[in-house]
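**Student:** pasting the sequence and the predicted coordinates here, then a few questions.
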Amino acid sequence: MEFTRDNFQNEIKTFRAQMKPDLVSIAEKSLTLEKRGAVGIIWFDQHEEKANKLSSANMVRFFELLCQVEDDANLKALLVISKKASIFIAGADIGEIRTLASGSTSSDSLMKLQSVFTYLERMKIPSVAAIHGASMGGGTELALACDYRMVSDSPQTKIGLPEVLLGLIPGWGGTQRMPRLIGLEKSLDLILTGKTVDGIRAKKMGLVDKVVPQEYLLEKALAYANELAVSGKKRQFGSRPLKEKVIGSIPGGVWFVCDQAKKQVMQKTHGNFPAPLAAIDVIRKSYGGSIDEGLKIEADAFIKLMVTPESQNLIHVFYLNEGVKKDKGVQEKITPKEIKHAGVIGAGVMGGGIAQLFAGKGVRVRMKDIHWDAIAKGYEAAQKIFKKLVDRRRMKPSDMDNAMARIEGSTDFAGFRHLDLVVEAAVENLEIKKNIFKELDSKMDPGAILATNTSSLSVTELASVTKHPERVVGMHFFNPVDKMPLVEVIYGEKSSPEAIGSIVSFSKALGKTPIVVKDAPGFVVNRILGPYLNEAVHLLMEGVRPTDMDRVMEKFGMPMGPCALLDEVGLDVASKVSHVLYGAFGERMKSPEAMAAVVTEKRLGKKVGLGIYRYEKGERKEDLSLLEVFKPKQRASDLTDEVIVRRLVYLMINEASRCVEEKLVRQVSDIDVGMIFGTGFAPFRGGLLKYADTVGAEVIVSDLDIFARKYGDRFKPSKLIQEYSVNRTKFYS
Ligand SMILES: NC(=O)c1ccc[n+]([C@@H]2O[C@H](COP(=O)([O-])OP(=O)(O)OC[C@H]3O[C@@H](n4cnc5c(N)ncnc54)[C@H](O)[C@@H]3O)[C@@H](O)[C@H]2O)c1
């Protein structure tokens with residue numbers, strides 16, 4: 001059917017008639033039209049919510065307002081803008097996509113809404129999107145359909161098409177309009193990675209037309225729209241840069257660029273993420289062709305992706321993250337303590353990172369160590385991280401100076417009396433830590449929270465040396481602190497809900513993802529990783545090459561294989577943690593003897609240039625001298641890649657099921673959050689236990705039984721997973 005206003009209006013009318021009246025009413029409150037002279041302003045202000053999103057009801061409402069603007073002969077230009085403090089439009093309604101994917105509604109309807117933006121693009125009067133804050137997915141697609149885009153210069157302004165992160169592609173014209181606007185290579189970069197750009201970068205790329213100070217956005221955008229109202233000038237795609245012209249004109253140019261992009265995606269994702277591959281395919285098929293044809297290709301690909309397990313799992317992870325954002329960490333109603341001044345004990349790898357994180361978020365930090373040179377190193381480490389942010393234009397140099405000025409060093413407890421929180425990150429030694437806690441207890445205000453970053457020691461035991469054990473908690477960051485999102489918030493036997501809730505709230509303010517975990521050896525993440533890393537050493541001794549093992553686990557979806565991970569963590573550190581776990585849980589956690597040999601041989605990992613691998617100028621290389629330490633057997637013919645994956649992953653699932661059984665976490669999903677955000681566990685599998693559900697407990701138990709007979713009791717299935725196998729229960733019931 002031809003795309004005309006009447007045809008489309010009729011279609012939308014039928015669509016609107018099927019929508020729930022309350023949704024229509026919310027959309028009417030959320031999107032409003034204001035007429036200022038010759039300019040019609042469509043305001044986005046999602047009713048009673050923090051973020052504007054493009055639900056079906058909002059899209060229909062938007063279309064109706066577009067028609068109202070067109071019907072008013074006095075309105076000669078359109079301005080689209082948001083009333084929210086730091087969000088333009090956060091994207092499509094993911095809840096709706098989830099419902100559509102489950103098949104309960106027609107996916108056709110979602111794609112019909114694609115035409116709303118076509119309609120916007122083809123309006124007779126010019127349109128401007130004025131963007132401040134996050135413009136994501138559908139929000140960016142709306143802006144791309146406008147004739148012009150003006151953005152604020154605020155660092156809060158972030159423009160992107162992050163659909164691939166949910167296993168999807170932009171479905172409302174993003175794969176068509178962005179390449180037309182900024183060219184093939186730049187749009188592939190944005191679409192395939194889901195990364196965002198700020199206003200200044202967006203201007204440089206040609207994605208937006210003007211950047212203005214945030215406080216003048218409305219004023220400037222109105223002036224711009226008024227100019228356009230007079231000129232009536234619609235967008236004209238300027239002449240393409242020479243490179244784009246060449247790509248477009250030489251036979252196979254587009255194919256070549258897309259092929260290169262595909263190779264890069266395959267290298268990064270091992271083909272585990274279908275969405276970027278589908279995006280390349282859509283762009284390859286449609287680039288340079290008619291937009292209507294391209295939109296159809298895009299819509300078809302979107303609908304196919306929506307029902308893939310990868311997309312559904314990534315959306316599951318999105319909701320896990322949303323759950324964390326809402327979770328206060330405790331059931332009790334508490335007022336989280338405000339943390340403005342904090343202390344860090346120990347200025348080593350972790351202490352330096354923690355101080356940097358705090359200072360970057362506006363918290364004043366006192367970093368205490370026993371040596372001045374350690375403090376200097378911690379200070380340097382913090383500065384290096386800030387410097388990188390400045391180099392990448394993620395931070396202004398003046399903000400870096402201010403942040404560094406928030407960090408003070410000391411070798412005594414001067415000034416600790418006034419701190420709201422202290423995080424102890426000294427060496428992993430119980431006696432040293434106990435002494436530190438005794439001192440802190442006497443030196444700090446009784447209302448202050450005392451946290452430890454210990455990886456393996458008992459929070460309850462550390463708290464026992466203080467007069468106020470209720471204010472002692474674990475705040476377990478992961479290395480490197482600036483990159484790893486997870487924080488395990490550990491509650492000891494006497495930790496108060498106020499202390500736990502405050503650390504949960506503070507972790508979120510730091511931009512981290514906290515999960516609340518009961519005090520138990522290894523907490524959750526290291527405990528689950530323990531048997532995995534031990535098994536990697538068993539496999540090496542059975543003749544599996546480290547590169548082969550790492551390759552199969554990367555193919556499974558881990559960000560790095562277990563051998564590379566052992567080197568990153570440090571074999572001495574892994575061995576120590578393993579020792580603690582062995583002490584607590586016995587034989588199943590015993591690390592193979594070869595592990596001790598590796599440590600004795602000072603093959604401590606990347607930090608010393610030699611571990612499982614050898615490191616030359618930061619590059620990882622296979623090292624044959626490892627064979628002398630491990631004296632591996634000939635790899636058995638039945639030790640296939642598939643068996644390697646199952647041995648490694650099922651051991652983690654088995655341990656995770658024990659953590660569930662022992663109620664170390666309040667909900668199953670916390671384990672998946674922990675593994676994804678603490679170890680990078682394959683997010684497209686939805687998390688460790690979601691993956692267990694996909695495989696099925698009966699299959700896992702059957703394999704574990706076989707492995708136990710063949711390789712030893714460490715594979716014996718846990719009580720809970722056996723029960724699940726018999727009752728066909730799932731972790732996510
Ligand atoms: N490195 C990791 O990957 C990692 C990850 C999570 C948690 N942790 C935990 O964080 C803590 C610190 O680990 P790290 O890797 O930063 O160690 P590190 O060896 O790099 O740093 C420890 C620092 O503590 C200082 N120190 C020792 N005794 C002290 C005392 N009495 N008072 C003040 N400072 C003292 C040392 O001088 C050193 O600068 C440990 O408990 C460790 O288990 C480490």
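**Tutor:** Here it is on my side, so go on. Numbering: from 1, shown residues only.
**Student:** what segments of the stretch 201-350 of the chain are strands?
**Tutor:** Taking DSSP state E, counting those that start in this stretch as the criterion, the stretch 201-350 of the chain carries its strands at 210-212, 341-345.
**Student:** including distance to the ligand, mean neighbour count and mean pLDDT, could those go into CSV?
**Tutor:** Where C-beta positions appear, they are placed from N, C-alpha and C, glycine not excepted. Listed next are the strands of the stretch 201-350 of the chain as CSV, based on distance: least, C-beta to the nearest ligand atom, whole Å; neighbours: other C-beta atoms under 10 Å; pLDDT from 0 to 100:
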stretch, distance to the ligand, mean neighbour count, mean pLDDT
strand 210-212, 40, 19, 98
strand 341-345, 5, 26, 98
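**Student:** is it true that Pro469 touches Gly492?
**Tutor:** Yes: in this structure, Pro469 is within contact of Gly492 by C-beta atoms under 8 Å, at 6.8 Å.
**Student:** and Leu457, that's in a strand?
**Tutor:** No: Leu457 is assigned coil when assessed by DSSP: H, G, I helix; E, B strand; the rest coil, not a strand.
**Student:** find the nearest non-adjacent residue to it, please.
**Tutor:** In this structure, Leu457 finds its nearest non-sequential neighbour in Leu430, 5.5 Å apart by C-beta to C-beta, 6 or more residues apart in numbering.
**Student:** I'd say that neighbour and Thr452 touch.
**Tutor:** No: assessed by C-beta under 8 Å, Leu430 is found out of contact with Thr452, at 10.9 Å.
**Student:** spit out the residues that contact the two alike.
**Tutor:** Residues touching both Leu430 and Thr452 (C-beta atoms under 8 Å, 6 or more residues apart in numbering): Leu462.
**Student:** who's more crowded, the two?
**Tutor:** Applying other C-beta atoms under 10 Å to Leu430 and Thr452 shows that Thr452 carries more neighbours, namely 27 against 13.
**Student:** who does the more buried one form a beta bridge with?
**Tutor:** For Thr452, the beta-bridge partners are Glu424, Gly474 (DSSP bridges).
**Student:** what distance do you get for it to the ligand?
**Tutor:** Shown here: Thr452 relative to the ligand, a distance of 7 Å by C-beta to the nearest ligand atom, to the nearest Å.
**Student:** okay, now the closest residue to Val569 other than its chain neighbours: neighbour count?
**Tutor:** Among residues not flanking Val569 along the chain, Gly605 sits closest, at 6.9 Å (C-beta to C-beta, 6+ apart). Neighbourhood size, Gly605 [other C-beta under 10 Å]: 24.
**Student:** ok, Gly605 touching Cys563?
**Tutor:** No: using C-beta under 8 Å, Gly605 is not in contact with Cys563, being 10.2 Å away.
**Student:** hey, what's in contact with both of the two?
**Tutor:** Common neighbours of Gly605 and Cys563 (criterion: C-beta under 8 Å, 6+ apart): Ile612.
**Student:** tell me which residue in the stretch 201-350 of the chain sits closest to the ligand.
**Tutor:** The ligand sits closest to Gly348 of the stretch 201-350 of the chain, with a gap of 1.8 Å, by C-beta to the nearest ligand atom.
**Student:** Met560 contacts Glu568, doesn't it?
**Tutor:** Yes: between Met560 and Glu568 there is a contact at 7.1 Å, judged by C-beta under 8 Å.
**Student:** helices along the stretch 1-150 of the chain, start to end?
**Tutor:** With DSSP state H, counting those that start in this stretch as the criterion, the stretch 1-150 of the chain has helices at 5-17, 21-30, 56-71, 94-101, 107-112, 114-121, 138-145.
**Student:** ignore the last one, the stretch 151-300 of the chain
**Tutor:** With DSSP H, counting those that start in this stretch, the ranges of helices along the stretch 151-300 of the chain come out as 174-182, 184-193, 199-205, 217-231, 242-249, 253-269, 274-286, 291-306.
**Student:** most tightly packed of those helices?
**Tutor:** Highest mean neighbour count of these: helix 174-182, a mean of 24 (counted as mean count of other C-beta atoms under 10 Å).
**Student:** which strands and helices sit next to that helix?
**Tutor:** Here helix 174-182 touches helix 138-145, helix 184-193, helix 274-286, helix 291-306, going by 3 or more C-beta pairs under 8 Å, 6 or more residues apart in numbering; DSSP states H and E.
**Student:** including mean pLDDT and distance to the ligand, could these go into CSV?
**Tutor:** Shown next, in CSV, are those (pLDDT from 0 to 100; distance: least, C-beta to the nearest ligand atom, whole Å):
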stretch, mean pLDDT, distance to the ligand
helix 138-145, 98, 37
helix 184-193, 95, 27
helix 274-286, 96, 31
helix 291-306, 94, 37
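**Student:** could those helices go into TSV alongside distance to Trp372?
**Tutor:** Output for the helices and strands packed on helix 174-182, formatted as TSV (distance: least, C-beta to C-beta, whole Å):
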stretch	distance to Trp372
helix 138-145	50
helix 184-193	42
helix 274-286	49
helix 291-306	56
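**Student:** Met589: which of those is closest?
**Tutor:** Across the helices and strands packed on helix 174-182, Met589 has its closest neighbour in helix 274-286 (37.2 Å, C-beta to C-beta).
**Student:** off-centre distance for that closest one?
**Tutor:** Mean-position distance between helix 274-286 and its chain equals 23 Å (C-alpha atoms, centre = their mean, to the nearest Å).
**Student:** now for it, which elements pack on it?
**Tutor:** helix 174-182, helix 184-193, helix 253-269, helix 291-306, helix 309-326.
**Student:** give me that answer again for 7 Å
**Tutor:** Packing partners of helix 274-286 (3 or more C-beta pairs under 7 Å, 6 or more residues apart in numbering; DSSP states H and E): helix 174-182, helix 184-193, helix 253-269, helix 291-306.
**Student:** the stretch 551-700 of the chain: strands as residue ranges?
**Tutor:** For the stretch 551-700 of the chain, strands defined by DSSP E, counting those that start in this stretch occupy the ranges 614-616, 619-621.
**Student:** and of the ones you listed, who's closest to the ligand?
**Tutor:** The ligand lies closest to strand 614-616 among the strands of the stretch 551-700 of the chain, at 17.2 Å (C-beta to the nearest ligand atom).
**Student:** list the buried residues in that closest one.
**Tutor:** By 16 or more other C-beta atoms under 10 Å, the buried positions in strand 614-616 come out as Arg614, Tyr615.
**Student:** do the same with stretch 637-656
**Tutor:** Here stretch 637-656 shows 639, 643-656 as buried, counting by 16+ other C-beta under 10 Å.
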